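Chemist: Build me a model:
(6 chains)
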4 protein chains.
Amino acid sequence: MRIKDTHKQDAIISATVELVNEIGFVSSSVAKIAKKANVSPATLYVYYTNKEDLLVSTYIEIKKKMSDELLKNIDNTKPFRDILKDFWNNTFDFVSKNKGLFQYAEQFSNSPYSDLVNQSELEKHFEPMMRILQKGIDQKIIKDVPFEILTVFIFYPVMLLSNSKVCKKLTMDNETVETAFNLAWDAIKL
Amino acid sequence: MRIKDTHKQDAIISATVELVNEIGFVSSSVAKIAKKANVSPATLYVYYTNKEDLLVSTYIEIKKKMSDELLKNIDNTKPFRDILKDFWNNTFDFVSKNKGLFQYAEQFSNSPYSDLVNQSELEKHFEPMMRILQKGIDQKIIKDVPFEILTVFIFYPVMLLSNSKVCKKLTMDNETVETAFNLAWDAIKL
Amino acid sequence: MRIKDTHKQDAIISATVELVNEIGFVSSSVAKIAKKANVSPATLYVYYTNKEDLLVSTYIEIKKKMSDELLKNIDNTKPFRDILKDFWNNTFDFVSKNKGLFQYAEQFSNSPYSDLVNQSELEKHFEPMMRILQKGIDQKIIKDVPFEILTVFIFYPVMLLSNSKVCKKLTMDNETVETAFNLAWDAIKL
Amino acid sequence: MRIKDTHKQDAIISATVELVNEIGFVSSSVAKIAKKANVSPATLYVYYTNKEDLLVSTYIEIKKKMSDELLKNIDNTKPFRDILKDFWNNTFDFVSKNKGLFQYAEQFSNSPYSDLVNQSELEKHFEPMMRILQKGIDQKIIKDVPFEILTVFIFYPVMLLSNSKVCKKLTMDNETVETAFNLAWDAIKL
DNA sequence: GATGAATGAGTGTTCATTCAT
DNA sequence: CATGAATGAACACTCATTCAT
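Modeler: Numbers count the residues shown, from 1 in each chain, chains lettered A, B, ... in the order given. As a prediction, the model looks like this:
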C-alpha cells in the first residue's frame, strides 16, 4: 500500500489557512481548498472526515502551536512584571510572524464552528499563566479581580493591537508594544 | 404604502440578524433568510441589490444604532472620568440588551465582508469621543499615547467582557462592570 | 410570479419512469432524470423535496392509477367467477399497455424504498376486491383460506405472466390469458 | 495459503448479501461492502474484476446453492404429486432458512443487472423438474399448458408467500404451506 | 411592490477504481 | 495476496439570482 504523504496533509492545512485569510470562511469551499493544496477534493476526505473536521482540526492545531509559542521561555523565577512582559512579547512575536494563523483563529472563534471545540481543553495550556496571575494576586502585586477581567487587560490588548482589522494605521514597533504594556500593567497592578 | 414596505424590510433585517446568530454567516442563505422573514426570496431583491448589499447594509444599520446608543446622554460638561464612565456604561447597556446585533457585528467585522465597508465613515460617529480623549491628553489627565492604544483599553474591554464567547462564566453585574472600569481607568490615567 | 408548469412535472415523472426502466434504480441519478425531462436538476426540487420523495411519489401515483384501472367496470352483480375474470383481464390490459409503469412499480416494491410507503394505505384501494373474495368464501364458492394465499393465486399470476423478466418467451395472447385464468380459478374454487 | 483466501472471499460475499439486504442495492457501495467484510476495498478487486462482477457472481452463487437445495432428495420414483410436494417443501425450507440470500436474489433479478446473467444457463439446473412436469403432462396427470404457466402456479407461489414484502402478516407455518400446496395442485392437476 | 417558479453554477461528499508498496 | 492512499467523476442537493406574472 501507499504510505500516507504528510506533505499532502501539510499542504491541505496551509491551503485552508491561506484561503480563509484571502476570501474568508464563507467562501472557502472544499473544492477551492483542494485546488490550492494541489490535491483532489476527495483526498481531503482521506485525512478529515468532513469539512468541519478539517476546519476544527486546523484551528486546534493553530491554538496548540500558539500556546507553545506564547509560553516559550517563560521563567517563573523572574520578577512578576517581567514574566508578564515576556509573555506579552511572545504574543506580539507570534502574531506578527503568523498573521495568517492568528487571523484564521480569530475568524474561527467568531464563527459558530467554535462551539464544536472543547474550549476548556485548549485553555488548559494557559494554566501556567493563570497560576502566575494567582501568585501575583496572592502576593498583592496585582488587583484581586476575576481572571476574565485580568485577561481582558493583560492578554487581549496585544492581540487586538496586532490585529490589522482593529488597528489599521498604527504600526506596531517595539516602542509601541512597550508603551501598550505599560498601560496594561497600570491596569492590573495594585 | 409605506408602512407595509418598512414592515417587510424590518422583517428582513431582523431575520438576517437572527439567522446569522443562530447558524452563522456561512450557512445563512438568501432562501433561509427570506423564509424566516416570511417573504419570498425575490422580495429581498426589491430592497437590496444582492446578498452582499443586505449583509453590509445590516451591519451599517447596526453600527449606526450602536453609535447613537453609545453616545446617548454624553455630557461634555461632566468631569472627564465621568464622561468615560457614562460611555462605558452605555456600551455595557447596549451590548447586554442587543446581544444579537452585537454578535452579528462581531461576526461581520471578522469576515472579509468588512473590507467592503467604508470604516472611516463609520468611525466618524465616534469622533466626539475622540475629541474628548484628545482633551484628556491635552489636559494631562490621561496618557499621551496613540488613540488605538487608548481605544484598546478604554473601549474594547467592556465589549470583550460582554461577549459570551470570550467570557463564558463571568456574569456581568454592575459591580463587575464597575471593577473593570477601574482597571481601564488605571490603564490610561496619568 | 410564474405559474407552476404542470407540463414540467409530468415530464419529470415520465423521465423518472423511463430512466428507471432503461437503466434501473441504481443508476438513475437526479442529473440523468433532469436531463431526460429537459429541466435543470434544481427544478426537480421545486416539485419534490428530495430524490426519495420523487421516487416514492411516482410509485404512489402509479399505484393509484393502477388500482383505478384494475377496478374499472367491476360489476358486483355479475356472477362471482365473471367478476374475477374481469379483474384478471383488467390487470392484463393494464400491464400490457403500461409495461413501463408496471416495471417501475415492481422494481420499487423490491427496493428498500418501499418501506417508506404506507402500504396499507395503498391496499385500501383493493378492499372492494377483498370484499368480493370474502363473499365468495361466505357463499362457499371459493376455498376458505387466508387472503394472502388467494391473492397469490388469483392476483399475482397474471402480473407474473405479463412480466417480461419472468416470462421471456411466452407471448401473452388472449388465449393464454384465458388458459391461465382457468388454472387460477381451479386453484381457488371449492 | 488457500484457506485464508476462501475466508476473505466468503466474507466479501456474505457482506455483499447482508449489506444489500440492509440498505439495498442503491446504497451498497464497494467501500461499505469492504468495510463490512473487514477487508480493503482494493482486496475486492483481487477476487472480482469490478463491482458488477461481484454482484453478478454473488447472484449466480446463490442461484446455484438454491437449485441444489431445491432439488435435494427429489425421488423420481415417488408418485408425481409427492415429487412436487417435496420440491415445494424444499423451496419453503430454503427460503425460510436463507431469507437473506433469497431477498438478495429477488432484488437482483428485478434490477437491470439481471440482464447480464445468462439466465438459460441457470435454468438448466431446473431441467430435471421440467422433465418431471413434462412426464406429468404426458401421463395426463396435469394440464397441458405452457411451462411458464405451470411454473407460475407451482413454483412461484411458495416463494411469494415466503417473501416478507408480499406477505407481511401471514406466518408461514407447516399447515399454511400445506394449504397453499393444495391450491397449487388444484390449479395444475387435470 | 411582491411573488414563486426556474436555473446554471456551485456545494460538500461519496463513488468505483487504480496504484505503489 | 493484500493493502490504504489517492483520485476524477459523479452524487444529491443548495446557492444567489432572474424572470414572468
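
Chemist: Can you check the pLDDT for A:Tyr104?
Modeler: Here, the pLDDT recorded for A:Tyr104 equals 93.

Chemist: correct me, but it touches A:Tyr59?
Modeler: Yes: applying C-beta atoms under 8 Å, one finds A:Tyr104 in contact with A:Tyr59, separated by 7.2 Å. Heads up, the C-betas are built off the backbone N, CA and C, glycines and all.

Chemist: show me what contacts A:Asp68?
Modeler: If you count contacts by C-beta atoms under 8 Å, 6 or more residues apart in numbering or on different chains, A:Asp68 has them with A:His125.

Chemist: Off-centre distance for stretch A:99-110?
Modeler: 7 Å (C-alpha atoms, centre = their mean, to the nearest Å).

Chemist: Using PDB, list the CA coordinates for that stretch.
Modeler: What follows is stretch A:99-110, C-alpha atoms only, in PDB (Å, rounded to 0.1, in the frame of the first residue of the first chain):
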ATOM      1  CA  LYS A  99      -0.600  36.800  10.900                       C
ATOM      2  CA  GLY A 100      -2.300  34.100   8.800                       C
ATOM      3  CA  LEU A 101      -2.600  31.600  11.600                       C
ATOM      4  CA  PHE A 102      -3.800  34.300  14.000                       C
ATOM      5  CA  GLN A 103      -6.400  35.700  11.600                       C
ATOM      6  CA  TYR A 104      -7.700  32.200  10.900                       C
ATOM      7  CA  ALA A 105      -8.100  31.600  14.600                       C
ATOM      8  CA  GLU A 106      -9.900  34.900  15.100                       C
ATOM      9  CA  GLN A 107     -12.400  34.200  12.300                       C
ATOM     10  CA  PHE A 108     -12.900  30.700  13.600                       C
ATOM     11  CA  SER A 109     -13.500  31.700  17.100                       C
ATOM     12  CA  ASN A 110     -16.100  34.200  15.900                       C
END
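
Chemist: for it, which positions count as buried?
Modeler: A:Leu101, A:Phe102, A:Gln103, A:Tyr104, A:Ala105, A:Glu106, A:Gln107, A:Phe108, A:Ser109, A:Asn110 (16 or more other C-beta atoms under 10 Å in any protein chain shown).

Chemist: is it true that the fifth one touches A:Ile62?
Modeler: Yes: between A:Ala105 and A:Ile62 there is a contact at 5.1 Å, judged by C-beta under 8 Å.

Chemist: Just name whatever secondary elements whichever strand or helix holds A:Asp10 is in contact with.
Modeler: Using DSSP states H and E, A:Asp10 falls within helix A:6-27. Using 3 or more C-beta pairs under 8 Å, 6 or more residues apart in numbering or on different chains; DSSP states H and E, the elements in contact with helix A:6-27 are helix A:30-36, helix A:41-47, helix A:51-70, helix A:99-109, helix B:2-27.

Chemist: Turn those into TSV, columns for distance to DNA strand E.
Modeler: Output for the helices and strands packed on helix A:6-27, formatted as TSV (distance: least, C-beta to the nearest atom of the strand, whole Å):
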stretch	distance to DNA strand E
helix A:30-36	4
helix A:41-47	4
helix A:51-70	3
helix A:99-109	15
helix B:2-27	4
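
Chemist: So which of these is nearest D:Leu55?
Modeler: Among the helices and strands packed on helix A:6-27, helix A:41-47 comes nearest to D:Leu55, with 23.4 Å by C-beta to C-beta.

Chemist: For the closest one, list every residue counted as buried.
Modeler: Going by neighbour count (16+ other C-beta under 10 Å), the buried part of helix A:41-47 is A:Thr43, A:Leu44, A:Tyr47.

Chemist: which helices and strands sit right next to that helix?
Modeler: Helix A:41-47 is packed against helix A:6-27, helix A:30-36, with contacts defined by 3+ C-beta pairs under 8 Å, 6+ apart.

Chemist: quick check, stretch A:139-148 touching chain B?
Modeler: Yes: judged by C-beta under 8 Å from any C-beta of the partner chain, stretch A:139-148 and chain B are in contact via A:Lys143, A:Val145, A:Pro146, A:Glu148.

Chemist: List just the nearest of these to C:Met159.
Modeler: A:Glu148 (73.6 Å).

Chemist: Give me the nearest residue to the closest one, chain neighbours excluded.
Modeler: In space, and not counting its chain neighbours, A:Glu148 is closest to B:Leu170: 4.3 Å by C-beta to C-beta, 6 or more residues apart in numbering or on different chains.

Chemist: What helix or strand is that neighbour located in?
Modeler: B:Leu170 belongs to no helix or strand when assigned by DSSP H and E.

Chemist: Kindly report the same for the one 5 residues further on.
Modeler: The secondary structure element spanning B:Glu175 is helix B:174-188 (assigned by DSSP H and E).

Chemist: That helix to helix A:174-188, inter-axis angle?
Modeler: 140 degrees (axes from the mean of the first three to the mean of the last three C-alpha atoms, to 10 degrees).

Chemist: Check whether the helix or strand of chain A with the lowest mean pLDDT comes near chain B.
Modeler: When the helices and strands of chain A are compared on mean pLDDT, DSSP states H and E, helix A:119-123 comes out lowest with a mean of 87. Yes: using C-beta under 8 Å from any C-beta, helix A:119-123 reaches chain B at A:Gln119.

Chemist: Which strands or helices does that helix pack on?
Modeler: Applying 3+ C-beta pairs under 8 Å, 6+ apart, we find helix A:119-123 packed against helix A:51-70.

Chemist: How about the helix it packs on, which residues are buried there?
Modeler: Residues of helix A:51-70 classed as buried by neighbour count (16+ other C-beta under 10 Å): A:51, A:54-60, A:62-63, A:66-67, A:69-70.

Chemist: Return the member of the residues you listed nearest to D:Asp138.
Modeler: Within these, the smallest distance to D:Asp138 is 70.8 Å, found for A:Lys51 (C-beta to C-beta).

Chemist: the domain parsing of chain A - what is it?
Modeler: Domain ranges of chain A: A:1-47, A:59-188, per automatic domain parsing.

Chemist: Indicate which one of the ones you listed is closest to B:Ile154.
Modeler: Among the domains of chain A, domain A:59-188 comes nearest to B:Ile154, with 9.5 Å by C-beta to C-beta.

Chemist: That closest one vs DNA strand F: in contact?
Modeler: No: using C-beta under 7 Å from any atom of the strand, domain A:59-188 stays clear of DNA strand F, with a minimum separation of 14.2 Å.

Chemist: Low-confidence ranges, chain A, go.
Modeler: Residue ranges of chain A with pLDDT under 70: A:1-5.

Chemist: repeat that with 90
Modeler: A:1-7, A:96, A:106-107, A:109-115, A:118-123, A:162-174 (pLDDT under 90).

Chemist: Am I right that A:Trp185 is in contact with A:Leu84?
Modeler: Yes: if you go by C-beta under 8 Å, A:Trp185 and A:Leu84 touch, sitting 7.1 Å apart.

Chemist: more crowded one of the two?
Modeler: A count of neighbours by other C-beta atoms under 10 Å in any protein chain shown puts A:Leu84 above the other of A:Trp185 and A:Leu84, at 25 against 18.
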